[in-house]
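Peer 1: Coordinates for the following, if possible.
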Amino acid sequence: MDKQMFALRSPQIDANHLDEDFNSYNWEIFSSLFRNSYSHLIHTFKHEFQLFLRLLTSYNTLLSSRYSATIGQQLLQLKYSPSIQTRSQKFFFLSSTVFSYLYEKFLVDYRRLLPFQFIYKLLVFVNFLLFLHRGTYINLFERLSCLKTIHNHPPSLRILDYSYMKRELIWHTLNETLGTIIPFITSLKARTLMRKYFSGT
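Peer 2: A predicted model of the protein is given here:
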């Protein structure tokens with residue numbers, strides 16, 4: 001398998017969900033530190049703090065020359081190809097992160113901007129349909145940056161062993177057969193016929 005082929009769809013989706021879960025967990029821990037003392041600041045500057053945490057996480061993972069992968073990608077042994085090293089790729093990444101911040105803080109709460117919300121959600125939906133069809137570029141950032149999500153190592157073929165399944169099928173077949181035959185054996189007529197047969201009369 002070519003190492004430059006896109007990763008499978010399910011690992012890409014799982015990695016994306018793991019990144020979202022990590023960001024949520026990271027925010028919960030950070031906000032709990034100031035819940036008793038500076039809760040008003042956490043509430044007022046929630047989106048700014050979340051942006052700071054995302055940039056800090058990305059600086060030490062995705063933008064780092066050592067890893068060049070998100071948390072979810074590292075857990076599932078995925079990476080970007082090529083890694084985010086050029087200025088244009090870093091610009092697209094920072095733009096997507098800042099846009100997410102602006103969208104969550106401003107676009108969601110203002111009714112006048114509903115058309116922009118519709119356009120953005122439509123683009124995300126179309127991109128996801130293309131991802132399901134082709135298995136490429138799970139989000140708009142990857143598509144704009146032309147970043148491939150690939151496996152660190154080509155996935156190996158799994159050898160399936162059906163011996164356990166065969167034993168289960170034989171056992172269930174035997175149970176069903178005995179469950180069908182035993183009621184006839186225990187009936188009075190069957191016992192009478194068996195007695196006549198064995199007695200020779």
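Peer 1: Please list all residues in contact with the nearest residue to V98 once chain neighbours are set aside.
Peer 2: Nearest in space to V98, with sequence neighbours left out and distances taken as CB to CB, 6 or more residues apart in numbering, is L51 at 7.4 Å. Every C-beta, even on glycine, is put in place using the N, C-alpha and C of the backbone. Each residue near L51 by CB atoms under 8 Å, 6 or more residues apart in numbering is listed here: T97, V98, Y101.
Peer 1: could you redo the last one with a cut-off of 10 Å?
Peer 2: If you count contacts by CB atoms under 10 Å, 6 or more residues apart in numbering, L51 has them with F45, T97, V98, S100, Y101, L102, E104, K105.
Peer 1: ditto for R9
Peer 2: F131, L132, H133, R134, G135, T136, I138, T149.
Peer 1: Buried members of the contacts of L51 into PyMOL, please.
Peer 2: To isolate in PyMOL the members of the contacts of L51 that are buried, counting by 16 or more other CB atoms under 10 Å, one can use:
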select buried, resi 101
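Peer 1: any chance of the contacts of L51 in a markdown table, plus distance to S31 and secondary structure?
Peer 2: Shown next, in a markdown table, are these (distance: CB to CB, whole Å; DSSP: H, G, I helix; E, B strand; the rest coil):
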| residue | distance to S31 | secondary structure |
| --- | --- | --- |
| F45 | 11 | coil |
| T97 | 19 | helix |
| V98 | 21 | helix |
| S100 | 18 | helix |
| Y101 | 16 | helix |
| L102 | 21 | helix |
| E104 | 15 | helix |
| K105 | 16 | helix |
